[in-house]
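# sequence and predicted model, in that order:
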Amino acid sequence: MKIFNYQNIDKSFFEKIEFENIQSVKEIIDDVRKNGDKAIREYTKKFGDGDIQNFRLTEKEIKEAIDSVDKKTIEAIEFGIKNVREFSMAQLSGLKEIEVNINGNILGHKIIPIESAGCYIPGGNYPLPSSAIMTIVPAKTAGVKRVIAMSPKIQPVTIAAAFLSGADEIYRIGGVQAIAAMAYGSESIEKVNKITGPGNKFVTSAKKQVYGECGIDFLAGPSEVLIIADDSSNPDFVAADILAQCEHDKDARAFLICFSEEFAKKVDKKAKEYITALPTKNIAEISYEKSFAVIVDSLEEAIILADRKAPEHLELCINNAQKVSNKFKNYGSLFIGSYSAEVFGDYVSGTNHTLPTNQVAKYSGGLSVFDYIKIQTYQIINKSALAQTAQNASTLAKNEGLLAHKLASDVRLREVSFMNE
């Protein structure tokens, strides 16, 4: 881990990843769009996911998968589902349909779930049942009628999580071909209205390229955590949280902001001790060496750095963490206090772990029940209130030079005026 002082911070601390339209990704998407199941099958075999004839899991296969998962793991999955569902329901309850009378006209909005959603669940380095929970549960809570799950080399634990979370269809497809299948459909797969879930740079590029054909949640890059810790913090906690991020993949990043070089060195020493015993050492070590610690002189400097970085996960391991938490504005999800480890949000606490990276948190929050609904407006213009509305609309239409707009307003105004004579 590189250690810098605030005044000498390396510009790479703020480096962003550019999501390019990878040409090979475009070619796969075009092939799937044109050739459907045949292309999906070829790419699935080519990229090492097997020679698959039937993409969708049968009820028998799902039951066998669930039966093969140990009871303790099923209980953990159900605990996570319960908490994510409860939090999603609480979020949804914060919205309400409205109807108001403005100048005699009735205006309002309705809350309508999207009709179908495709949840991508990565499965390259590790099986990720948690991603099944985080994408599927909010969708079903929102009222999405058809939710499908797609994952490469899908493991029984992921199948169990997807089914228990409420997935209506589960497919053993991953990579770019899975994104293309969800966006455009094929002979055996019906397209969806929106695709959600994390993935590698190829999956992310695919989501970017199919956007418009269907909706997406956001473009998420490698995972990241930023931890602000003072000298009262436990360096063992901080070191473990850093490595929990680093083991995701070689491009994952961890950032530590602290108030003394001595504390940074304690964390660095402990992290290196932990790494030696990690089964994921080969990945974590590479990511850790590219991570940063920055020594600041004040909380104000820490806030400036954190808000400029806008990390996916922000941990506040400092005195009075809750009291100062409102000072931070840009983050995917906030973990307040030394016991609020990011890992709890990853799995079971109830907030969503599908979060914005790459400074997207400056303008967007993480995946939630809100991503699976549409807020759609309506209006009822009453004859009794038409005069004022039409006169002002006609004036603005005339100023814009859109005379058919003015006509559409004027003909109604004339009719109402004639009826009132």
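Perfect, thanks for sending it. Numbers count the residues shown, from 1 in each chain.
# pLDDT below threshold where in the chain?
The model of the chain has pLDDT under 70 over residues 19, 418-421.
# which residues in it form strands?
Ranges of strands within the chain are 2-5, 98-102, 105-113, 116-120, 146-150, 169-171, 194-196, 215-216, 224-229, 253-258, 292-295, 313-317, 333-336, 373-380, based on DSSP state E.
# out of the ones you listed, which is closest to Ser68?
Among the strands of the chain, strand 169-171 comes nearest to Ser68, with 15.0 Å by Cβ to Cβ. Bear in mind the C-beta positions are built from the backbone N, C-alpha and C, glycine included.
# which strands and helices sit next to the closest one?
If you count contacts as 3 or more Cβ pairs under 8 Å, 6 or more residues apart in numbering; DSSP states H and E, strand 169-171 packs onto strand 146-150, helix 156-165.
# ok, now with 10 Å
Where contact means 3 or more Cβ pairs under 10 Å, 6 or more residues apart in numbering; DSSP states H and E, strand 169-171 is packed against helix 59-68, strand 116-120, strand 146-150, helix 156-165, helix 175-184.
# pipe the ones you listed into JSON lines and attach distance to Ala206 and mean neighbour count per row.
Below are those laid out as JSON lines (distance: least, Cβ to Cβ, whole Å; neighbours: other Cβ atoms under 10 Å):
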{"stretch": "helix 59-68", "distance to Ala206": "26", "mean neighbour count": "14"}
{"stretch": "strand 116-120", "distance to Ala206": "9", "mean neighbour count": "29"}
{"stretch": "strand 146-150", "distance to Ala206": "12", "mean neighbour count": "26"}
{"stretch": "helix 156-165", "distance to Ala206": "20", "mean neighbour count": "25"}
{"stretch": "helix 175-184", "distance to Ala206": "4", "mean neighbour count": "28"}
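# returning to that earlier point: quick one, which of the strands of the chain is nearest to Arg414?
Comparing the strands of the chain by Cβ to Cβ, strand 105-113 comes nearest, at 18.9 Å.
# between the closest one and strand 98-102, how big is the angle?
Here strand 105-113 points in a direction 160 degrees away from that of strand 98-102 (axes from the mean of the first three to the mean of the last three Cα atoms, to 10 degrees).
# and strand 105-113, what's buried?
105, 109, 111, 113 (16 or more other Cβ atoms under 10 Å).
# farthest pair within those?
The widest separation within the buried residues of strand 105-113 (Cβ to Cβ) is 27.3 Å, between Asn105 and Pro113.
# picking that back up, of all the helices and strands packed on strand 169-171, which lies closest to Ile303?
Once those are compared by Cβ to Cβ, strand 116-120 is nearest, at 34.2 Å.
# domain map for the chain?
Domain ranges of the chain: 2-14+221-349, 23-219, 381-420, per automatic domain parsing.
# let's have these in a markdown table, adding distance to Leu367.
As requested, these are arranged in a markdown table below (distance: least, Cβ to Cβ, whole Å):
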| stretch | distance to Leu367 |
| --- | --- |
| domain 2-14+221-349 | 10 |
| domain 23-219 | 5 |
| domain 381-420 | 37 |
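# can you tell me which of those domains is nearest to Lys374?
Counting by Cβ to Cβ, Lys374 lies closest to domain 23-219 out of the domains of the chain; the figure is 5.0 Å.
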